[in-house]
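Peer 1: Here's a sequence, model it:
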Amino acid sequence: MTTDLIEKLKDNIDIDLVSKFDYLDFIKYSFMPMCIKNNNYYIATEDKHFSNEGEQFIKSVLGENENYKFIALSSNILNDLISWYKKNIYNVSEKARKFLNNLKQYGENQPKKMLGELLVEAELITKEQLNECLVIAKQLKLPLGSVLVQKNYVSVDDLREFLTFQTGKSFINTENLKIKRDVINLLPEDFIRLHKVMPIQIEDKNLVLGMLNPNDKRALNEVVYLTGLKITIRLMTSLEFNKLLETYFNKSDQETLEIIKTMEEEATFGEDESFSELIEREIRDSSGSVAKFNTKILCDAIDMGASDIHIEPRFQGYAVRFRISGILKEVLKLPPRVESAIITRYKVLAKMDIAEHRRPQDGTFSLKYKNISYDFRLNTLPVNGKEKMVIRVLVPAAAISSDDKKISLIGASEHDMDELYKIIASPNGIILASGPTGSGKTTTLYSILKNLNKEEVNITTIEDPVEIKIERLNQSQINKKADITFASNMRAILRQDPDIIMVGEIRDVETLDVSIAAALTGHLVLSTIHTNSAAATITRMIEMGAKDYLVSSTLTGVIAQRLVRRLCPKCREKYKPTLEDAKLVVSDSSKYEEFMNKTIYVAKGCEHCDYQGYDGRLGVYEILRITKDIRKMIALNSIELDIEEAAIKAGMSTLHQSCYNHIINGETTISEFLRVLGPVND
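Peer 2: Now for the predicted structure:
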């Protein structure tokens, strides 16, 4: 029983707290600092009365106004803890300990000395060894302490003690240290590697920052500027720093930095070299560093599940951001002089005009990665005298099996799916998927087409571009340069004896008119449109110029949708909603109390979800089937709210209701509800 207790106590010892004292203090006053919890300092003492002198000593070190909790232990247990600490943690040599104790007694009246000077005075190293290590440290750009340890001139523990004394900063305990990903992401990786700093955690709006050199004022100022937080410095060794780098930044990240370094070295073109010569020398070289870097960005985006890649200008250089689960995340900063080569290389791949920088451009290209062919859609836009590029990562054809006819709408209820199957059962009419960019509209249409894709039907699509290639589908792409638009292509397709037509997007009245005409002549037309809700789609069609009686007779159904992030099942935490929460997500005030009595979940973060708290996405759907009653309302030019109310009475779940169901099922959070849909009563 005693052994178990000692082991539990060991596990709860905060090394950073203990290191503020000398182990001889523990023997002298019979105590052992344990940990800090809930703003209380927990101190182990002997079960006999703890002396006032000991208590005053502790307060002189930790602070008079702090809260203290004294835990009574037997003398044997306390002595075992102190012995264990000396043996396993406090491995400072006797020579170092005596020297530092003397300095602590008289050091206040002595001038500050450099680390090397102190070590020489303590007779831990010679002047010759110091000079040798200073030269090596300068050549390799390493801290002096790291070199001294690598040469085995000084032990790690002795170095820790001297640095703590010299700087007044304590060391961070990196053993079993787990840093949240959102904390790591506070600083760019290249900055962390360059300045040898490591964000550890945030405590009361203070960033605990591990540093090899706490005197690097420039680095500290930049950290304050980048984070907007106050800084608490903790020391760490080079070995500890490198281990944390290996843990939180993989080899792929290191490879990226090495490629960037190579590109910077190769980017030596000057005034004597024309831009075209640069293009010939760097851009078209498929084996060069630029090509490798561009390919790596694409592969990293695929591996991380990104839907879009943003390469955008900053005041200094460019930034690369990935949209993952609907959220943009900066993954890399590009130094000046290399960004033009990177963007131009992508333009070459997409067969775009590399000399055109003043007008937006579109293009596509493909890449085979891990035996899967991926398609990418590019768009450039002039911004602030530079070019911004967005690359859409299209879903590979392999992701949609033509053999599986089941419609896959992740997050849709059974009622929603029943309504959808009723909608697509119609042999003619218009089915529209609505929602903002990136809400999964096209994926939904492809899933429906997969279900309808049978030997006995002719399915033709008009897309910009063809995003997913599927067997037996006749997929055509618009070409603005050749004056092949959605509308003109639609007229041509009607002469191809189609049964089902998919139009990528209804953007104008001409495309809408042709789609209605196709539906009136017995075709089933599927398309997308940008509206905020299913009922708003009807209003939008009429506003674009369609006659209400034509909308009434041709529209079969509308699928309004959004995507929310799914809670990580491994780390989600239970949460009791408040009245304020209820007002945000519950439309009926009489149901506030019912919601407040439910147990929901909030995001936390773990290794599984990269400390984001979310893992993947799920859909939020509003599926409006056009019944006879609703057709009458459309023909009578009823307002949007009345149509929506009638649809709800008929069983339609709104977007807010659909997301609310995900919340109470523990699949998403209130914050995601608000991010994607906004408060229910707005």
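Peer 1: Look up the pLDDT of Asn451 for me, please.
Peer 2: Note on Asn451: pLDDT of 89.
Peer 1: Ile407 is in contact with that one, correct?
Peer 2: Yes - Asn451 is in contact with Ile407 according to C-beta atoms under 8 Å; the separation is 5.1 Å. (Each C-beta comes from the backbone N, C-alpha and C, glycine too.)
Peer 1: intersection of neighbour lists for those two?
Peer 2: Counting by C-beta atoms under 8 Å, 6 or more residues apart in numbering, the shared contacts of Asn451 and Ile407 are Ile424.
Peer 1: Tell me where the stretch 451-600 of the chain has helices.
Peer 2: In the stretch 451-600 of the chain, the segments counted as helices under DSSP state H, counting those that start in this stretch are 486-493, 509-520, 534-543, 548-554, 579-585, 592-596.
Peer 1: Would you mind checking the average pLDDT for stretch 428-437?
Peer 2: The model assigns stretch 428-437 a mean pLDDT of 93.
Peer 1: okay, how far is it across it, tip to tip?
Peer 2: Using C-alpha to C-alpha, to the nearest Å, the end-to-end distance of stretch 428-437 comes to 27 Å.
Peer 1: now do stretch 190-203
Peer 2: 24 Å.
Peer 1: quick one: buried residues of it?
Peer 2: 190, 192, 195-202 (16 or more other C-beta atoms under 10 Å).
Peer 1: Give me the buried positions along stretch 345-363.
Peer 2: So, applying 16+ other C-beta under 10 Å, buried residues of stretch 345-363: 345-350, 352, 354, 357, 361, 363.
Peer 1: burial measure for Lys138, as a count.
Peer 2: 11 (other C-beta atoms under 10 Å).
Peer 1: now it: how far from Tyr248?
Peer 2: According to C-beta to C-beta, to the nearest Å, Lys138 and Tyr248 sit 29 Å apart.
Peer 1: likewise Glu467?
Peer 2: 35 Å.
Peer 1: Neighbour count for these two, which is higher?
Peer 2: Ranked by neighbour count (other C-beta under 10 Å), Glu467 and Tyr248 place Glu467 first, with 22 against 19.
Peer 1: Tell me the first helix or strand C-terminal of the strand or helix carrying Ile27.
Peer 2: Assigning secondary structure by DSSP states H and E places Ile27 in helix 23-29. Per DSSP H and E, the first helix or strand lying C-terminal to helix 23-29 is strand 31-37.
Peer 1: same for that following strand, what does it pack against?
Peer 2: Strand 31-37 is packed against helix 15-18, strand 40-46, helix 52-62, helix 75-88, with contacts defined by 3 or more C-beta pairs under 8 Å, 6 or more residues apart in numbering; DSSP states H and E.
Peer 1: Turn those into CSV, columns for mean pLDDT.
Peer 2: Shown next, in CSV, are those (pLDDT from 0 to 100):
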stretch, mean pLDDT
helix 15-18, 73
strand 40-46, 85
helix 52-62, 82
helix 75-88, 75
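Peer 1: so can I have JSON lines of those showing mean neighbour count and distance to Asn221?
Peer 2: Formatted as JSON lines, those follow (neighbours: other C-beta atoms under 10 Å; distance: least, C-beta to C-beta, whole Å):
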{"stretch": "helix 15-18", "mean neighbour count": "18", "distance to Asn221": "25"}
{"stretch": "strand 40-46", "mean neighbour count": "19", "distance to Asn221": "32"}
{"stretch": "helix 52-62", "mean neighbour count": "14", "distance to Asn221": "29"}
{"stretch": "helix 75-88", "mean neighbour count": "16", "distance to Asn221": "37"}
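Peer 1: Next, format these as a markdown table and append distance to Lys217.
Peer 2: Output for the helices and strands packed on strand 31-37, formatted as a markdown table (distance: least, C-beta to C-beta, whole Å):
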| stretch | distance to Lys217 |
| --- | --- |
| helix 15-18 | 23 |
| strand 40-46 | 31 |
| helix 52-62 | 27 |
| helix 75-88 | 34 |
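Peer 1: Relative to Ser447, which of those is closest?
Peer 2: helix 15-18 (53.5 Å; C-beta to C-beta).
Peer 1: rewinding a little: please tabulate the buried residues of stretch 190-203 in a markdown table and include secondary structure as additional columns.
Peer 2: Formatted as a markdown table, those follow (DSSP: H, G, I helix; E, B strand; the rest coil):
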| residue | secondary structure |
| --- | --- |
| Asp190 | helix |
| Ile192 | helix |
| His195 | helix |
| Lys196 | coil |
| Val197 | strand |
| Met198 | strand |
| Pro199 | strand |
| Ile200 | strand |
| Gln201 | strand |
| Ile202 | strand |
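Peer 1: Go through those residues and name the one with the lowest pLDDT.
Peer 2: Asp190 (75).
Peer 1: Surely that one touches Lys333?
Peer 2: Yes - in this structure, Asp190 is within contact of Lys333 by C-beta under 8 Å, at 6.3 Å.
Peer 1: what's downstream of the one helix or strand in the chain whose mean pLDDT sits lowest, the next helix or strand?
Peer 2: Least confident element among the helices and strands of the chain, by mean pLDDT, DSSP states H and E: helix 275-278 (a mean of 47). Remark: after helix 275-278, the chain's next helix or strand is helix 289-303, criterion DSSP H and E.
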